[in-house]
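> After the sequence you'll find the predicted model.
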Amino acid sequence: MNDLAPAVRVLLAAAGFALARHGRGDHDIWRHAERRVSVVVDGRIKSRHTANGILKQAGLPKAF
């Protein structure tokens with residue numbers, strides 16, 4: 001299986017999200033400055049369902 005985390009980070013950055021800080025373990029917190037939305041992105045995402053769930057929390061359409 002492929003690691004979907006880099007693709008999720010690219011989609012979040014293109015939508016205006018920025019890395020706010022590193023969380024526990026290999027998690028990162030991404031925030032959108034204007035909408036005040038935060039999402040947690042794992043360092044390795046193996047499931048397309050998890051990747052789409054993160055995008056849904058961010059208010060973005062499914063991509064995987």
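In hand now; what should we look at?
> now the helix or strand hosting Arg21: mean pLDDT?
Per DSSP states H and E: Arg21 is located in strand 17-22. Strand 17-22 carries an average pLDDT of 95.
> Lys56 sits in which helix or strand?
Using DSSP H and E, Lys56 falls in helix 48-57.
> Which positions in that helix come out as buried?
Residues of helix 48-57 classed as buried by neighbour count (16 or more other C-beta atoms under 10 Å): 50-52, 54-55. Yep, even glycine has a C-beta here, placed from its N, CA and C like the rest.
> How much space separates the residue nearest to the spatial centre of the chain from Gly23?
For the chain, Val41 is the residue whose C-alpha lies nearest the centre (C-alpha atoms, centre = their mean; 4.5 Å). Going from Val41 to Gly23 by C-beta to C-beta, to the nearest Å gives 9 Å.
> what touches both of those two?
Common contacts of Val41 and Gly23 (C-beta atoms under 8 Å, 6 or more residues apart in numbering): Ile29.
> OK, contacts around Lys62?
By C-beta under 8 Å, 6+ apart, the contact set of Lys62 is 52, 55-56.
> hmm, try it at 10 Å
Lys62 sits next to 48-49, 51-53, 55-56 when contact means C-beta atoms under 10 Å, 6 or more residues apart in numbering.
> can you check Pro61 too?
Going by C-beta under 10 Å, 6+ apart, the list of residues near Pro61 reads 11, 52, 55.
> I'd guessed Val8 sits against Ala51; true?
Yes. Between Val8 and Ala51 there is a contact under C-beta atoms under 10 Å: 5.2 Å.
> Which neighbours do the two have in common?
Joint contacts of Val8 and Ala51 (C-beta under 10 Å, 6+ apart) are 41-42, 45, 63-64.
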